[in-house]
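> What follows is a predicted protein model with its sequence.
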Amino acid sequence: MSTTTPPVVDGGPPEGNTTDGRGQREGAIRAGVLAALGRPAQLYRIAVVSLWGDHYRVNVITGEDPTSVRIPHSYFLAADGRGNIIESTPKITRQY
């Protein structure tokens, strides 16, 4: 019997787990990207990868399931300690 895993939008820890400062910052970055970009159709996940210091790679992943995902938007950005986006390359513009 196969199972289907629902899409992960926030990528945060499972309920009941405590979130450290880094997890809260990455959650704020996800929220900031969605607020600036808008919500794409079939949003699967927003992946936030810490690179060094306050610099991150953010990929907006869309698709109905893991076999059909694509990355229509990808950003290299810097964020402050609270997760507020300071700068982004390319600039995040409203698309949706």
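That came in fine, so what should we check first?

> hey, let's count contacts and neighbours off CA atoms from now on
Fine.

> what helices or strands is the helix or strand bottoming out on mean pLDDT in the chain leaning on?
The helix or strand of the chain with the poorest confidence is helix 21-37; it has a mean of 92 (mean pLDDT, DSSP states H and E). Applying 3 or more Cα pairs under 8 Å, 6 or more residues apart in numbering; DSSP states H and E, we find helix 21-37 packed against strand 43-52.

> what comes into contact with the helix or strand that comes right after the strand it packs on?
Scanning forward in sequence from strand 43-52 by DSSP states H and E, the next helix or strand is strand 55-62. When contacts are defined by Cα atoms under 8 Å, 6 or more residues apart in numbering, strand 55-62 is touched by residues 40-51, 69-79.

> strand partners of strand 55-62, parallel vs antiparallel please.
Sheet pairing of strand 55-62 (DSSP bridges) gives strand 43-52 (antiparallel), strand 70-79 (antiparallel).

> Now find how far off-centre the least confident helix or strand of the chain is within its chain.
7 Å (Cα atoms, centre = their mean, to the nearest Å).
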